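> Show me the folded form of this:
(one chain, ligands or ions: 1)
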Amino acid sequence: MVTVGGEEKEGKILPYHFIKMKKQGKRIVMVTAYDYFQARIADEVGVDGILVGDSLGMVVMGYKSTLSVTIDEIAHHTKAVLNANPRALVVADMPFMSYEISKEEALRNAGKLIKLGAGAVKLEGGVEIADTVKALVNAGIPVMGHIGLNPQRHLVLGGYKLRGKCAEDAVKILDDAKALEEAGAFAVIIEFTAAEVAAEITKRLRIPTICIGSGPYCDGQILVFHDIVGLNPEPPPFVKKYAQAYELLMDALSAFKVEVENGVFPDEGRFYRMKEGELEKFRELIKHKEAKDY
Ligand code: KIV
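Below you'll find the model as predicted:
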């Protein structure tokens, strides 16, 4: 039993449970979520982890990339997700330039998200951020790594390209994974990387790997909420849509529009009337008032 926001919540998932799940051969399920109802739905379904990803830049804010996302935006959406009091582990993403400048700044920013109630933070990068990860973990902040394609580095990577296609790149990604594990990360996301590379990394790590677009040989999978439910009409090709939410919402809003235009909504039962006899009184009162005023 763990105390969350003053309430007792049984069976809350903590970072070490992810490592335990890998040992038990239990696949880890994660989704992103950015608001209260998305988090409620994800938690009711029983996912293990909810990532408040910087993908909110694109799917919530409509930015062209994740580079514009700020720590305050992540904090805002983390609060909304935490208000659902999920049993799932809530991981808050560290946005671009919130951890690269100095370890002190990384600690300050990660600390903000943990103080809000996030269960962990996630950072993009490998060998080059291992010291920062170590500093965070030493300060008591659980860290999830993120290797393979790092969207925050798309400008230097030359776009959103598949990683690990050749052996040299695969070695680099494995080095990144090992550096993060050594630094104390409790799990690592492998994004858009050749499946064989993800498989070899998964075999060699004690901590779980969670794939996005990197094949089936990881310890878990994560996808963006809007992509899973079909709210994003142009998801990446590795996504499987489990619903057609964009079309569904269009249908609902169109029906509302037509009903308002035709006077069908609101129908009887969806509005409230005065107490009996009060309408006559009201009319009488305004008749006198209007006669006096005009
Ligand atoms: O921000 C995000 O949604 C992510 C996932 C793609 C893993 O980092």
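> List, one by one, the residues from the protein near the ligand.
With C-beta under 6 Å from any ligand atom as the criterion, the chain meets the ligand at residues 32, 51, 53, 54, 55, 93, 146, 189, 191, 212, 222, 224. Bear in mind the C-beta positions are built from the backbone N, C-alpha and C, glycine included.
> Contacts only, for the last one.
For residue 224, the set of contacting residues under the criterion of C-beta atoms under 8 Å, 6 or more residues apart in numbering consists of 31, 32, 53, 55, 59, 232, 235, 239.
> next one: the second one
With contact set as C-beta under 8 Å, 6+ apart, residue 51 has these partners: 30, 31, 32, 33, 91, 93, 122, 222.
> One more: residue 93?
51, 52, 53, 54, 69, 74, 121, 122 are the contacts of residue 93 under C-beta under 8 Å, 6+ apart.
> Now secondary structure and pLDDT too, for the residues you listed, in TSV please.
Formatted as TSV, these follow (DSSP: H, G, I helix; E, B strand; the rest coil; pLDDT from 0 to 100):
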residue	secondary structure	pLDDT
51	strand	99
52	strand	98
53	coil	98
54	coil	98
69	coil	98
74	helix	98
121	strand	99
122	strand	98
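> Now flag whichever of those residues is closest to the ligand.
Distance to the ligand, by C-beta to the nearest ligand atom, is smallest for residue 53 among these, at 2.4 Å.
> Quick one: mean pLDDT over whichever helix or strand residue 251 is part of.
Using DSSP states H and E, the element containing residue 251 is helix 245-261. Per-residue pLDDT over helix 245-261 has a mean of 98.
> and that helix, C-alpha only, in PDB?
Only the C-alpha atoms of helix 245-261 are listed here, as PDB (Å, rounded to 0.1, in the frame of the first residue of the first chain):
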ATOM      1  CA  ALA A 245     -11.300   8.200 -33.100                       C
ATOM      2  CA  TYR A 246     -10.800  11.100 -35.600                       C
ATOM      3  CA  GLU A 247     -13.800   9.900 -37.700                       C
ATOM      4  CA  LEU A 248     -15.800   9.000 -34.600                       C
ATOM      5  CA  LEU A 249     -15.400  12.500 -33.100                       C
ATOM      6  CA  MET A 250     -16.100  14.100 -36.500                       C
ATOM      7  CA  ASP A 251     -19.400  12.100 -36.600                       C
ATOM      8  CA  ALA A 252     -20.400  13.100 -33.100                       C
ATOM      9  CA  LEU A 253     -19.600  16.800 -33.600                       C
ATOM     10  CA  SER A 254     -21.400  16.900 -37.000                       C
ATOM     11  CA  ALA A 255     -24.500  15.300 -35.500                       C
ATOM     12  CA  PHE A 256     -24.400  18.000 -32.700                       C
ATOM     13  CA  LYS A 257     -24.100  20.800 -35.300                       C
ATOM     14  CA  VAL A 258     -27.000  19.500 -37.400                       C
ATOM     15  CA  GLU A 259     -29.200  19.000 -34.300                       C
ATOM     16  CA  VAL A 260     -28.500  22.600 -33.100                       C
ATOM     17  CA  GLU A 261     -29.100  24.100 -36.500                       C
END
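> chain center to the next helix-or-strand element following it: distance?
Downstream of helix 245-261, the next assigned helix or strand under DSSP H and E is helix 278-293. Distance of helix 278-293 from the chain centroid (C-alpha atoms, centre = their mean, to the nearest Å) equals 56 Å.
> for helix 278-293, packing partners?
The helices and strands touching helix 278-293, judged by 3 or more C-beta pairs under 8 Å, 6 or more residues apart in numbering; DSSP states H and E, number zero.
> Now render the contacts of residue 93 as TSV, adding distance to residue 182.
Output for those, formatted as TSV (distance: C-beta to C-beta, whole Å):
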residue	distance to residue 182
51	23
52	26
53	25
54	25
69	28
74	26
121	18
122	18
